[in-house]
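In: I need the structure of the sequence given here:
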Amino acid sequence: MPRFAANIGWMAQEVPMLERFQLVRDLGFTAVECPLLYSHDAHAMADACKAAGIEFLMFNSPPGKHDGEYGIAGLTGRKGEFQDTIGKAVDYAKALGTTYLHVLAGWQSGDWDRNAGFDVFIDNLKWACPVLVDAGLSALIEPINTIARPGYLVQTTKEAQHVVDAVKAAGSNNIGIQYDFHNAQIMEGDLARTFEAHLPSILHVQIAGNPGRTPPDEGEINYPFVFDLCDRLGFKGWLGCEYAPHNKTKPGATKASLKWAKDFGLG
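Out: Numbering: from 1, shown residues only. A predicted model of the protein is given here:
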């Protein structure tokens, strides 16, 4: 049976961040992820997480110091800043007992030599992975759709696999793919074959309906099939629920979004 984690950046928005751990625990979740958390004190979050009896799985590396940035690991001339952001992420991870760090590659508008961007990204990850392994962390590489993030560097599972293979060839094994079925549907389709082909490298999964990041019982993706696929292929990781409930700040919105999950003991 799949294991589901609540994404408390997208879900549980009807309460303040530090109250979200208990809210999702009361709904049956035993693990959480959160994309960006740096506006909150790491130790306060850790205390709230521990009090709720929740495992903290994953969060993103800092997005960058300029408005609109979504990662700098693939950007030329930002190596020192990138290394500083990894240090900050490690501090949060140690406080929270986190398993994974999604390393944001970044995007640029206009003409961008993406091949050069991948070279920078891989070089930075070759430096970062030994630092992360010392903190008990593995790096995640996520292909992100270019509707939500125009110009994002890593856009397909094949590109993410290229990055993972290059870093592993340099001697680091604490790296893998974060496979978001929502992003993959937009950028690639053919979900079952794509997922199975890259399964040995997939460490973490995320789900949401499409179009839009709706609850997974809405839209064009057949999630009952996806859940059965994960079981049939023996995927042992977590499925992060990275979707926005309807009326997301209204009391009870998160519970109302979990009609699809009752058979899994959630809601």
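
In: Tell me which stretches of the protein form strands.
Out: Ranges of strands in the chain, per DSSP state E, are 3-7, 31-34, 55-60, 100-102, 138-141, 175-180, 202-207, 238-241.

In: Paired strands for the fourth one, with orientation please.
Out: Just to be clear, that refers to strand 100-102. When pairing is defined by DSSP bridges, strand 100-102 lines up against strand 55-60 (parallel), strand 138-141 (parallel).

In: How about the first one?
Out: Within its sheet, strand 3-7 is paired with strand 31-34 (parallel), strand 238-241 (parallel), according to DSSP bridges.

In: Identify all contacting residues around the first one.
Out: It stands for strand 31-34. Here strand 31-34 makes contact (C-beta atoms under 8 Å, 6 or more residues apart in numbering) with 3, 5-9, 20-21, 24, 49, 54-59, 206, 238, 240, 242. Glycine gets a C-beta too; all of them are placed from N, C-alpha and C.

In: Tabulate the strands of the chain (CSV), appending mean pLDDT and distance to residue 215.
Out: Shown next, in CSV, are the strands of the chain (pLDDT from 0 to 100; distance: least, C-beta to C-beta, whole Å):
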stretch, mean pLDDT, distance to residue 215
strand 3-7, 98, 12
strand 31-34, 98, 17
strand 55-60, 98, 20
strand 100-102, 98, 22
strand 138-141, 98, 23
strand 175-180, 98, 15
strand 202-207, 98, 9
strand 238-241, 98, 8
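
In: right, and these - which one's nearest residue 43?
Out: Taking C-beta to C-beta, strand 55-60 is the member of those nearest to residue 43, at 12.7 Å.

In: Run the angle between the closest one and strand 202-207 for me.
Out: If you take axes from the mean of the first three to the mean of the last three C-alpha atoms, to 10 degrees, strand 55-60 sits at 90 degrees to strand 202-207.

In: Identify the residues contacting strand 55-60?
Out: 5, 30-37, 45-46, 49, 71, 89, 92-93, 96-102, 104, 140, 178, 204, 238, 240.
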